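[1] missing the sequence, but the structure's below:
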């Protein structure tokens with residue numbers, strides 16, 4: 001294609017990555033056609049019940065997001081969130097905490113994270129501390145009852161102080177998968193764990209649920225659709 005060319009696209013669902021080699025090229029749907037460009041891959045693999053309402057399937061990564069029934073599912077986390085506003089998720093608040101310069105460990109304490117049979121060691125803690133300028137996602141180095149410990153790159157600095165009221169959430173472990181609409185991906189085993197909406201069975205998702213769409217579970221691998229066109233998650 002050349003500068004300022006217009007490419008008309010036929011009706012269909014396109015799950016692919018396209019790299020344009022020139023500037024100012026227009027991609028448009030052909031007249032009367034419906035074109036959907038999506039960065040999502042449909043999960044056609046079979047699902048196996050793990051326990052309770054949790055299912056698993058093998059899928060090569062990476063998996064950045066999961067959709068089902070046309071809705072974004074939530075990465076397994078604590079506390080759980082059902083907020084549709086990505087800028088205002090549900091967050092926990094520390095009862096106490098202390099930051100420290102590396103290699104000393106910073107920590108937060110919250111009674112809510114002391115869950116039966118759950119170890120947060122090796123998981124991730126998202127934390128918004130101090131002046132709330134920057135959030136950090138950090139590896140949990142140790143966990144004891146209601147306290148998690150981690151290395152904070154800004155520990156000891158005034159604007160990143162940790163204390164009572166510091167906002168956080170925990171993720172990055174299958175142990176956090178305890179509510180419907182949540183998912184967790186284990187890259188070491190190339191396995192996706194999923195608790196479907198309404199505790200339904202993943203195989204029950206199909207074309208009939210939403211006319212003209214395939215609302216079965218879909219996973220994003222980070223390959224985005226082409227800007228300027230309609231993007232969906234069929």
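    Alright, I've got the coordinates. Remember, predicted model here, so these are calculated numbers, not experimental data.
[2] the closest residue to residue 135 other than its chain neighbours: how many residues sit nearby?
    Take residue 135 and drop its neighbours on the chain: the residue closest to it by Cβ to Cβ, 6 or more residues apart in numbering is residue 128, 4.6 Å away. For every residue, glycine as well, the C-beta is placed using N, CA and C. By other Cβ atoms under 10 Å, the residues close to residue 128 number 16.
[3] quick one: contacts for residue 128?
    By Cβ atoms under 8 Å, 6 or more residues apart in numbering, residue 128 lies in contact with 91, 135, 166, 167, 168.
[4] residue 90 contacts residue 84, doesn't it?
    No - applying Cβ atoms under 8 Å, one finds residue 90 not in contact with residue 84, separated by 11.4 Å.
[5] who's more crowded, those two?
    A count of neighbours by other Cβ under 10 Å puts residue 90 above the other of residue 90 and residue 84, at 13 against 9.
[6] check which helix or strand the residue nearest to that one when sequence neighbours are not counted maps to.
    With sequence-adjacent residues excluded and distances taken as Cβ to Cβ, 6+ apart, residue 90 is closest to residue 81, at 3.6 Å. Following DSSP states H and E, one finds residue 81 outside all helices and strands.
[7] just checking, residue 81 touches residue 89?
    Yes - under the criterion of Cβ under 8 Å, residue 81 makes contact with residue 89 at 4.8 Å.
[8] so what sits against both of those two?
    Residues touching both residue 81 and residue 89 by Cβ under 8 Å, 6+ apart: residue 169.
[9] what about the residue nearest to residue 90, neighbour count?
    Using other Cβ under 10 Å, residue 81 has 18 neighbouring residues.
[10] got the contact list for it?
    Per Cβ under 8 Å, 6+ apart, neighbours of residue 81: 74, 89, 90, 169.
[11] could you do residue 165 as well?
    Counting by Cβ under 8 Å, 6+ apart, residue 165 has contacts 93, 94.
[12] hmm, back to that, now list the buried members of the contacts of residue 81.
    For those, a neighbour count by 16 or more other Cβ atoms under 10 Å gives the buried set as 74, 89, 169.
[13] so which of the residues you listed are in strands?
    Those of those mapping onto strands are 74, 169, per DSSP state E.
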